[in-house]
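In: make a model of this:
(4 chains)
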Number of protein chains: 2
Amino acid sequence: MPGRPSAHGRRPTERKGDVRERAILDTCEALLAHKGYDAMTVGDVAQGAGITRGALYFYFGSKQEVVTALVARTVEHLWERSRVTAQTEEPRPAITAAMQRTVELWSAHGLVMRTAIDLSLTVPEIGELWNHTADLFIVAITAVLERAGVQGGTAPDQASAMARALCWMIERTFYHASQESREKLQEASATCEYIWRTSARLIP
Amino acid sequence: MPGRPSAHGRRPTERKGDVRERAILDTCEALLAHKGYDAMTVGDVAQGAGITRGALYFYFGSKQEVVTALVARTVEHLWERSRVTAQTEEPRPAITAAMQRTVELWSAHGLVMRTAIDLSLTVPEIGELWNHTADLFIVAITAVLERAGVQGGTAPDQASAMARALCWMIERTFYHASQESREKLQEASATCEYIWRTSARLIP
DNA sequence: ATAAAAATCTACACTGTGTAGACTTTTGCC
DNA sequence: GGCAAAAGTCTACACAGTGTAGATTTTTAT
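Out: Just a heads-up that it's a prediction; the model follows:
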């Protein structure tokens, strides 16, 4: 969306605009934290980034585009992490590891993740981004369930459907917990892990 | 919030305003369905209800108040239902009954429930309303879990915490399913029921 | 029939968004 | 070093939506 190709591939010189773009996104994140999406105005973001509204519109076409870019930045980060964390483990420790990673993700990026969820319907692009992210999780959960002996398939008591429900459980539970504190997040994690394990029949 | 005491206690005559207020809420619900909250303007609602913007502000102080009233109206309905559906049953059929009731609720009121969830953060009053509703569900789920032999308490593997996570699972799963179709809702229900049962150790 | 209450309207002030066009700075090249 | 193009920035404006004020009409109750 920016008016110029975003410098990703290690450009020789870093354009002034790249710095500004980052400043805009950072400011947006900060404002989101203590004003919320609705209360935050484009003017606020511009001011925080040290430019005027007019200048901001050179980088992003709208308020929604700014937030979409912020979500994209964060979510790319999640994708990398999930690519790294491999899947060659036994079910039980795999579940524990996955939940631990989830706690870390929500600790670090809870605000943006909550924003992404909130805007998923109203901003289609963000909806896409978040759906894709959720799908990654669902696939991962499905794999663990199958390795634990749950039958693969889409019937209500088979891996795929269960994974989807478990994913939403984790999303929503962490969504709420991350608004409170790190401790709540840890408790939420323990509960979700327990239910995930019983669903995989690993609590005999 | 209306400019006059809302006629609840079977007034002898029904004020013209009561009809209008209902018309406003009905219009709001209809518009929410095919425009969404953001795109829907106060002018649209007024027009749909057959009055001007100015007149609408006689009934409600803001767009948010209109939607809050709509949520309140719907949610009161849920509360009645949940009060009626008693709790004197064995765990297994109780779970089935609860899920069936949940399907009905989401079939009938999915749109408003989704709206309530979406606006929970930005509109504190709606947040209150929805929290209260969720608490009713959590208490009910807790009761069922305990009757199924799950230890009461707030530790991660005890009834209270589990009930909360299961509630969020159901909320989020139905939230998504209700955007698609009745069939999806039914499938979602079956999956949630299965996970709820395994969590209660009722799948030997 | 009439006065108070309820309901409605028009007009306005304000805030926030997004756009237009002029102006300034930076960059790459001869 | 000088200079054109690209990149970045600004001010000013047009527009849409919200909420308010006050005048005016309709309903209701006596």
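In: residues contacting residue A:203?
Out: A:194, A:197 (CB atoms under 8 Å, 6 or more residues apart in numbering or on different chains). The C-beta positions use only the backbone N, C-alpha and C, and glycine is treated the same way.
In: how near is it to residue A:114?
Out: 31 Å (CB to CB, to the nearest Å).
In: now do residue A:199
Out: For residue A:199, the distance to residue A:114 - CB to CB - is 25 Å.
In: same deal with residue A:48?
Out: Residue A:48 is 20 Å from residue A:114, by CB to CB.
In: residue A:127 too?
Out: 15 Å.
In: tell me where chain A is predicted with low confidence.
Out: For chain A, the stretches flagged by pLDDT under 70 are A:1-13, A:84-88.
In: and it, which residues reach DNA strand D?
Out: Contact residues, chain A versus DNA strand D (CB under 7 Å from any atom of the strand): A:3-4, A:15-18, A:20, A:51-55, A:57-59.
In: can you flag the buried ones in the residues you listed?
Out: For the residues of chain A next to DNA strand D, a neighbour count by 16 or more other CB atoms under 10 Å in any protein chain shown gives the buried set as A:17, A:18, A:20, A:51, A:59.
In: show me chain A divided up by domain.
Out: Structural domains annotated on chain A: A:16-61, A:68-199, as defined by automatic domain parsing.
In: follow-up on the earlier one: so residue A:127 and residue A:114 - more neighbours on which side?
Out: residue A:114 (18 against 15; other CB atoms under 10 Å in any protein chain shown).
In: can you point out the buried residues in the longest helix anywhere in chain A?
Out: Longest helix in chain A, counting residues (DSSP state H): helix A:91-119. For helix A:91-119, the neighbour count (16+ other CB under 10 Å) marks A:91, A:94-95, A:98-99, A:102-103, A:105-106, A:109-119 as buried.
In: check those residues against chain B, which are close?
Out: residue A:118 (CB under 8 Å from any CB of the partner chain).
In: spit out the contact partners of the residue positioned nearest the centre of chain A.
Out: Centrality entry for chain A: nearest residue to the mean C-alpha point is residue A:113, 4.3 Å, by CA atoms, centre = their mean. If you count contacts by CB under 8 Å, 6+ apart, residue A:113 has them with A:74, A:105, A:106, A:175, A:178.
In: greatest separation within those residues: which pair is it?
Out: A:74 and A:175 (14.7 Å; CB to CB).
In: find the nearest non-adjacent residue to residue A:133, please.
Out: Nearest residue to residue A:133, sequence neighbours excluded (CB to CB, 6 or more residues apart in numbering or on different chains): residue A:75, at 5.5 Å.
In: how about residue A:72?
Out: residue A:129 (6.0 Å).
In: quick check: residues of chain A near chain B?
Out: Residues of chain A lying near chain B (CB under 8 Å from any CB): A:36-38, A:118, A:121-122, A:156-157, A:161-162, A:164-166, A:168-169, A:171-173, A:175-176, A:187-188, A:190-195, A:198-199, A:201.
In: so which of these sit within helices?
Out: Reading helices off these with DSSP H, I get A:118, A:161-162, A:164-166, A:168-169, A:171-173, A:175-176, A:187-188, A:190-195, A:198-199.
In: what's the local residue count around the closest residue to residue A:168 other than its chain neighbours?
Out: Excluding the flanking residues, the one nearest residue A:168 by CB to CB, 6+ apart is residue B:172, at 3.6 Å. Residue B:172 is flanked by 24 other residues according to other CB under 10 Å.
In: same list (the buried ones among the residues of chain A next to DNA strand D) but as CSV, adding secondary structure and distance to residue A:67.
Out: What follows is those, written out as CSV (DSSP: H, G, I helix; E, B strand; the rest coil; distance: CB to CB, whole Å):
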residue, secondary structure, distance to residue A:67
A:17, helix, 19
A:18, helix, 19
A:20, helix, 17
A:51, coil, 17
A:59, helix, 13
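In: between the residues you listed, which is closest to DNA strand D?
Out: Taking CB to the nearest atom of the strand as the measure, DNA strand D lies nearest residue A:17 of these, at 2.2 Å.
In: so that closest one sits right up against residue A:59, yeah?
Out: Yes. In this structure residue A:17 lies within contact range of residue A:59 using CB atoms under 8 Å: 6.9 Å.
In: list the contacts of residue A:79.
Out: A:133, A:136.
In: change it to 7 Å
Out: residue A:136 (CB atoms under 7 Å, 6 or more residues apart in numbering or on different chains).
In: repeat for the one 3 residues further on
Out: By CB under 7 Å, 6+ apart, the contact list for residue A:82 reads residue A:136.
In: for DNA strand C, what are the nearby residues on chain A?
Out: Going by CB under 7 Å from any atom of the strand, the residues of chain A near DNA strand C are A:12-13, A:15-16, A:41-43, A:53-54, A:57, A:61-64.
In: biggest separation within those residues, which pair?
Out: A:12 and A:41 (36.3 Å).
In: looking at those two, which one has more neighbours?
Out: Here residue A:12 and residue A:41 are set side by side on neighbour count (other CB under 10 Å), and the busier one is residue A:41, at 13 against 5.
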